[in-house]
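Peer 1: Need coordinates for the below:
(2 chains)
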Amino acid sequence: DVKVTQSSRYLVKRTGEKVFLECVQDMDHENMFWYRQDPGLGLRLIYFSYDVKMKEKGDIPEGYSVSREKKERFSLILESASTNQTSMYLCASTPGGGSHRELFFGEGSRLTVL
Amino acid sequence: AQKVTQAQTEISVVEKEDVTLDCVYETRDTTYYLFWYKQPPSGELVFLIRRNSFDEQNEISGRYSWNFQKSTSSFNFTITASQVVDSAVYFCALRMNRDDKIIFGKGTRLHILP
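Peer 2: Just a heads-up that it's a prediction; the model follows:
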């Protein structure tokens, strides 16, 4: 069964801590995405990546960075977590090459910053 | 700029009623793709349908149907004879052909009352 796996379902961190959210997909997809989901705001795109070592800013990249050293892994980094980054984070992947397929989502990582 | 608007924040209907969820999109591209996803209370996003901009044919899948109208930039979703299990948040999404960025509407929370 194909899968997008997010390393942590629930995290609690303190303000100022560095936070890593890991995402791995086993479908050999070129494209990977990080969204955050907040009540009333839907899913907002933080960053996405077309390929290894490639990254593009989404709509709300401030306060975040990403890393894609291997095709199957896309990491979201909060250099210095703040309380307004408390949210549900969703990783997704999709094939590239012009297929324009749907996104395959992970189960989400709920981050609380105290 | 690309945008997806789901004007209905929350809808409640009684079981067995029909319900339509609205989605209006904005894009200057002539080639694009539209999607609907369901997010049940468990939280995982479930893909429902993909439609490309050249295919305006309506689609029916069981109790679900979709009406795509380019003239009004709408891609509406109807559930016929609703059931309690249809209770969820539903998201409409837009993907452009020229890049792989995928943007979502804010979602519509649907309550089906027994």
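
Peer 1: where's A:V113 relative to A:L45, distance?
Peer 2: Between A:V113 and A:L45 the computed distance is 20 Å (Cβ to Cβ, to the nearest Å). For glycine as for every other residue, the C-beta is placed from the backbone atoms N, C-alpha and C.

Peer 1: how about the nearest residue to B:V46, chain neighbours excluded?
Peer 2: Ranked by Cβ to Cβ, 6 or more residues apart in numbering or on different chains and with sequence neighbours excluded, the top spatial neighbour of B:V46 is B:K38, at 4.6 Å.

Peer 1: Please disregard the earlier target; I meant B:S82.
Peer 2: B:S82 sits nearest to B:I112 (Cβ to Cβ, 6+ apart), 4.8 Å away.

Peer 1: For that neighbour, the count of nearby residues, please.
Peer 2: When neighbours are counted by other Cβ atoms under 10 Å in any protein chain shown, B:I112 registers 20.

Peer 1: Likewise for B:N76?
Peer 2: 18.

Peer 1: For the particular helix or strand that has it in it, name the packing helices and strands.
Peer 2: Using DSSP states H and E, B:N76 sits within strand B:74-79. Where contact means 3 or more Cβ pairs under 8 Å, 6 or more residues apart in numbering or on different chains; DSSP states H and E, strand B:74-79 is packed against strand B:19-21, strand B:24-26, strand B:32-39, strand B:64-69, strand B:88-96.

Peer 1: Wasn't B:V85 part of a strand?
Peer 2: No - counting by DSSP: H, G, I helix; E, B strand; the rest coil, B:V85 falls outside a strand, being helix.

Peer 1: where does it land on pLDDT?
Peer 2: Listed pLDDT for B:V85 reads 95.

Peer 1: so what's A:G42 up against?
Peer 2: A:G42 makes contacts with B:6, B:91, B:104-107, as judged by Cβ atoms under 8 Å, 6 or more residues apart in numbering or on different chains.

Peer 1: quick one: stretch B:73-86 to chain centroid distance?
Peer 2: With Cα atoms, centre = their mean, to the nearest Å as the basis, stretch B:73-86 stands 8 Å off its chain's centre.
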